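Colleague: I would like to see how this sequence folds:
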Amino acid sequence: MGQPAISDYGFLSDCRSGALVSRDGSVDWWCPDRFDGSAVFARVLGPRAGHFRLAPVGAGRPGHRVERKYHPDTLVLRTVHHTSEGSVAVTDALAAEIGARAHELGMNSPAVLLRVVEGLSGRVRMALEYVPRPAHGLLTPYLHARPDGSVLATAGSVVLVLSGNGLPLRAELDRVYEEFEVSDGQVVGFDLAYGEAYGTPPARLDPLTTLAETIQGWEAYRETHQYPGRYPELVRPSATLLTGLTYARSGAVAAAATTSLPEQLGGDRNYDY
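Modeller: A predicted model of the protein is given here:
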């Protein structure tokens, strides 16, 4: 697979950090602790720097069509895959703290990536490929399957726990790869939680409940910031994006979701912090 263009990525935020998701369902950038922290997925920098892909088996073949849109006034991204076997939706978000509303967004975000798969029609076989590589791809973690069906990954001070709602996960040497089927009306949720080896352990959240809470938190934020002026269909998404680039604990706005990527390869103009 070739490297997607940066314009191909959707942006997720919990007002603490940001993640980038490609059209083919791969999270190729996420610094879970904060915007300028260390990435656990950084495939935007190179093919071996870590990713988390969730998409139909054989995605990209003839007959596969993708539609994407955000839930209104949120940075919760819904991707619909249409295949010859049926259609399936994947909804991605960085979790808000349970009960957080409006300006509380990001103050105590749990550093959890949510991915919810919903069968829309037919029966679609999905592939999950989880390849964490902390420190911008420099570290390969130890992976351990746990009795509760989750997978623990540790590397240096980084601790990650990947859980599947009703789907036990198996760990290979340096990755998790699973295939599963979803039919019309079936929902499978995944949550990937970040923690530190000597700090707060990774949060355990129900992906479906937390996704609904996250959407409500974003909607409440926009309800407190009404815009009565011209071109609301352009201004409101822009305002949501700027909110997502804001580190809530300080109010600082990140210049970009990524760290030091050059404007042009080989160029000297970088979008730094």
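
Colleague: neighbours around residue 114, how many?
Modeller: Residue 114 has 25 neighbours, counted by other Cβ atoms under 10 Å. In short, each C-beta sits where N, CA and C put it, glycine included.

Colleague: A strand includes it, no?
Modeller: Yes. Counting by DSSP: H, G, I helix; E, B strand; the rest coil, residue 114 is found in a strand.

Colleague: Correct me if wrong: it contacts residue 191.
Modeller: Yes. If you go by Cβ atoms under 8 Å, residue 114 and residue 191 touch, sitting 5.6 Å apart.

Colleague: Overlap in contacts, those two.
Modeller: Common contacts of residue 114 and residue 191 (Cβ atoms under 8 Å, 6 or more residues apart in numbering): 95, 205, 207, 210.

Colleague: Relative to residue 88, which of those is nearest.
Modeller: Sorting those by distance to residue 88 puts residue 207 at the head of the list, at 15.8 Å, by Cβ to Cβ.

Colleague: Kindly state the beta-bridge partners for residue 90.
Modeller: In this entry, residue 90 is beta-bridged to residue 79, residue 117, by DSSP bridges.

Colleague: Could you report the distance from it to residue 228?
Modeller: Separation of residue 90 from residue 228 (Cβ to Cβ, to the nearest Å) stands at 35 Å.

Colleague: Any regions of the protein where pLDDT drops low?
Modeller: 1-2, 259-262, 270-273 (pLDDT under 70).

Colleague: Where is the longest helix in it?
Modeller: Criterion DSSP state H: the longest helix present in the chain is helix 207-223.

Colleague: re earlier: neighbour count and distance to residue 173 for the shared contacts of residue 114 and residue 191 - can I get that in a markdown table?
Modeller: Below are the shared contacts of residue 114 and residue 191 laid out as a markdown table (neighbours: other Cβ atoms under 10 Å; distance: Cβ to Cβ, whole Å):
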| residue | neighbour count | distance to residue 173 |
| --- | --- | --- |
| 95 | 25 | 29 |
| 205 | 21 | 28 |
| 207 | 25 | 26 |
| 210 | 22 | 30 |
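
Colleague: what's the closest of those to residue 187?
Modeller: The nearest one, if we look at those relative to residue 187 and count by Cβ to Cβ, is residue 207, at 9.3 Å.

Colleague: That closest one: what's it in contact with?
Modeller: Counted by Cβ under 8 Å, 6+ apart, residue 207 has contacts 114-116, 165, 189-191.

Colleague: okay if I get those residues as CSV plus distance to residue 147?
Modeller: Compiled in CSV, these are given as follows (distance: Cβ to Cβ, whole Å):
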residue, distance to residue 147
114, 23
115, 22
116, 24
165, 16
189, 20
190, 18
191, 17
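
Colleague: Distance from stretch 184-202 to the middle of the chain?
Modeller: 11 Å (Cα atoms, centre = their mean, to the nearest Å).

Colleague: For that stretch, buried residues please.
Modeller: 186, 188-195, 202 (16 or more other Cβ atoms under 10 Å).

Colleague: measure it end to end?
Modeller: Using Cα to Cα, to the nearest Å, one end of stretch 184-202 lies 32 Å from the other.

Colleague: Same check on stretch 138-155?
Modeller: Stretch 138-155: ends 10 Å apart by Cα to Cα.

Colleague: What of stretch 19-30?
Modeller: 4 Å.

Colleague: quick revisit: ok, the contacts of residue 207 vs residue 223, which is closest?
Modeller: Distances from residue 223 to the contacts of residue 207, taken by Cβ to Cβ, are shortest for residue 114, at 22.0 Å.

Colleague: picking up where we left off before, restricted to helices, list the buried residues of stretch 184-202.
Modeller: Those of the buried residues of stretch 184-202 lying in helices (DSSP H): none at all.

Colleague: Which members of these occur in strands, if any?
Modeller: 188-195 (DSSP state E).

Colleague: CA atoms only: put stretch 43-53 into CSV for me.
Modeller: What follows is stretch 43-53, C-alpha atoms only, in CSV (Å, rounded to 0.1, in the frame of the first residue of the first chain):
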residue,chain,number,x,y,z
ARG,A,43,2.9,5.5,9.9
VAL,A,44,2.7,9.0,8.4
LEU,A,45,6.4,9.0,9.0
GLY,A,46,7.1,5.6,7.5
PRO,A,47,5.6,2.2,6.9
ARG,A,48,7.1,0.6,10.1
ALA,A,49,6.2,3.3,12.5
GLY,A,50,3.0,1.8,13.8
HIS,A,51,-0.7,1.8,12.8
PHE,A,52,-4.1,0.4,13.8
ARG,A,53,-6.2,-0.6,10.8
